[in-house]
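Model the following, please.
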Amino acid sequence: MRATMTANSSNAEPGSRVTFGITDGETRHQVYFASTDMRLASRPEIEFVTSILPCMKKGRAFRAPAPLDPRLLASFEQIQDLYLAWVPGLTRLPAKAFESAAPRPRAGTGRVAAFFSGGVDSFYTLMKRREEITDLIFVHGFDIKLGDEALYRETLAMIEHIAGETGKNLIRLETNIRPVLDSYIGWDYGHGPALAATAYLLSDQFDKIYIPSSQDYTHLFAFGSHPLLDPLWSLSDLDIVNDGAEARRIRKVEAIARHQIVLDTLRVCWMNPDSAYNCCRCEKCHRTMIALKVVGALDRCRTFPEPLRNENIRALKIVATNTRSFMTESMREAERRGLEPAFIKAMADALKGQSTLQRFVNNLRRAISQPGRALAKIRRKAGF
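Modelled structure (predicted):
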């Protein structure tokens, strides 16, 4: 596997574009990162980190086009140790094949950035480190598809509002890297190197970049962004820090719900049917709505337009480890606070799972009580 990189910029334009190709046998992927807000650094570590997982998946050697940062190379074996433990079928790459470069000096600009999507984790890091963070990084092409312009424009407007209200500079980027990594290993594991590559592109302007943690120390699981993995992507001139793992999800929701800007703009949905900001139907919307209700903030949150219904909670299919841990945590907190028994029982039923008959009955009840929603679901499946 071989990658080549070119950087394109113009003195007449405020931003820049970095492109590189990753070739696997007869397949070549052209990848780009672009920003209209600032110049992007072109450095060999960008193609290196984005090629690690494809090479490990295909069992092919990677030939670095230039010497690599010594701090990243020192962490390379441990990075591979984690992925080999998490993902079956990967092959270890020889660390001795790469030449070490001299450490680069730090930017020394005093700027500190954090990745920001408008969700619970990124809001928690922003509010926790509001005095330290100077810039927010929003990447189109990570959780919002490049083709979904309606959702992107709505989300961007919200994040611009958030940046303005909190006094932060907003850095917008765009990339097509997600489908490339999806084709090899999937986004659950591939988004970690994608975050690292984005940070490297900005390394000329920052000494530290935060990645808001999607996990807490009590419930760690294999994932592309992880408290053990994220710091290993750091360079001699850039610290990459996983932030927020000390707080469980219900505590994060409780902390951020004190801020009206959060309740006016919070976005968590990853299904986004019909470009919905928050669909109020998917598992992630539901677990966030549940947590907001538990801490007494759901009725003040403007970005979940549909009510939270016990029958919808009961019908949730809980498969992912993190969903189960978040739901269990919310249920226990609801019990501790003495919330209504029917709400707590709905969570307990979802955690237990349902038989085929129970699922049919619950779906029928939902269709009767929410005919508009049922009809919309039928239309989506039929492609109307």
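
gap between Val294 and Ala157?
Taking Cβ to Cβ, to the nearest Å as the measure, Val294 and Ala157 are separated by 29 Å. Yep, even glycine has a C-beta here, placed from its N, CA and C like the rest.

Settle it for me: which of those two has more neighbours?
Val294 (25 against 11; other Cβ atoms under 10 Å).

Quick one: the helices in the stretch 201-350 of the chain, in order.
249-256, 260-265, 283-294, 310-314, 321-337, 341-352 (DSSP state H, counting those that start in this stretch).

So which of these has the densest surroundings on average?
Ranked by mean neighbour count under mean count of other Cβ atoms under 10 Å, these are led by helix 283-294, which reaches a mean of 24.

tell me the angle of it relative to helix 321-337?
Regarding helix 283-294 and helix 321-337, their directions subtend 20 degrees when assessed with axes from the mean of the first three to the mean of the last three Cα atoms, to 10 degrees.

pretty sure Ile261 contacts Glu165?
Yes - counting by Cβ atoms under 8 Å, Ile261 does reach Glu165; the two are 5.0 Å apart.

where exactly do the helices run in the stretch 1-150 of the chain?
For the stretch 1-150 of the chain, the helices defined by DSSP H, counting those that start in this stretch occupy 44-58, 70-86, 120-128, 149-166.

what comes up buried for the first one?
Right, the one you point to is helix 44-58. 44-57 (16 or more other Cβ atoms under 10 Å).

so it versus helix 70-86, what angle?
Between helix 44-58 and helix 70-86, the angle comes out at 20 degrees (the same axes, to 10 degrees).

Off-centre distance for helix 44-58?
Per Cα atoms, centre = their mean, to the nearest Å, the displacement of helix 44-58 from the mean C-alpha position of its chain is 19 Å.

In PDB, list the C-alpha atoms belonging to that helix.
Provided in PDB are the C-alpha atoms of helix 44-58 (Å, rounded to 0.1, in the frame of the first residue of the first chain):
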ATOM      1  CA  PRO A  44       3.700  12.700   6.300                       C
ATOM      2  CA  GLU A  45       2.000  11.700   9.600                       C
ATOM      3  CA  ILE A  46      -1.400  12.400   8.100                       C
ATOM      4  CA  GLU A  47      -1.200   9.700   5.400                       C
ATOM      5  CA  PHE A  48       0.600   7.400   7.900                       C
ATOM      6  CA  VAL A  49      -2.200   7.300  10.500                       C
ATOM      7  CA  THR A  50      -5.000   7.000   7.900                       C
ATOM      8  CA  SER A  51      -3.100   4.100   6.200                       C
ATOM      9  CA  ILE A  52      -2.400   2.100   9.400                       C
ATOM     10  CA  LEU A  53      -5.700   0.300   9.700                       C
ATOM     11  CA  PRO A  54      -6.100  -0.400   5.900                       C
ATOM     12  CA  CYS A  55      -2.600  -1.900   5.800                       C
ATOM     13  CA  MET A  56      -3.200  -4.000   9.000                       C
ATOM     14  CA  LYS A  57      -6.500  -5.200   7.500                       C
ATOM     15  CA  LYS A  58      -4.900  -6.200   4.200                       C
END
